[in-house]
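> structure here, sequence nowhere to be found:
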């Protein structure tokens, strides 16, 4: 994993960009936004899958905060310094799904560090390897007014 506790402490910020403005939000600010909860599966390429109750802010709502109405893709970047899954590119269909979340909690509890605290991506029907953990930045690309 390679994530140090200092990277996920109270100084952590999510950066949302690609629209008319860049938005930086603390975890407390994210928790103060409207929260959605969905029962969503994560399927691992190793052959297991699980369905959990995920809570957080819809990706669609985060795009709107940055002044973004439509986009072609959402580029997600992790705090991880290396590794194949430290970034993901989500299509507008995936990130625009009303159940696509920047998850902050699972089954009513804060995410554990191993599961992506302070925030991770959870998107319906997306393989687990693309549900980026330890998210630090969302960049919406192909933005149109």
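Thanks, I have it. What you see is a predicted model, and the numbers here were worked out from it, not measured in a lab.
> which residues of the chain fall in strands?
14-17, 23-25, 36-43, 49-58, 73-78, 87-91, 101-106, 109-110, 120-122, 135-141 (DSSP state E).
> and those: which comes nearest residue 7?
Nearest to residue 7, of all the strands of the chain, is strand 135-141, at 8.3 Å by C-beta to C-beta. Glycine gets a C-beta too; all of them are placed from N, C-alpha and C.
> what helices or strands is the closest one leaning on?
Under the contact criterion of 3 or more C-beta pairs under 8 Å, 6 or more residues apart in numbering; DSSP states H and E, strand 135-141 touches strand 14-17, helix 59-65, strand 73-78.
> deepest of the ones you listed, which one?
Most buried of the helices and strands packed on strand 135-141 by mean neighbour count (mean count of other C-beta atoms under 10 Å) is strand 73-78; its value is a mean of 21.
> that one pairs with which strands, and in what direction?
strand 87-91 (antiparallel), strand 135-141 (antiparallel) (DSSP bridges).
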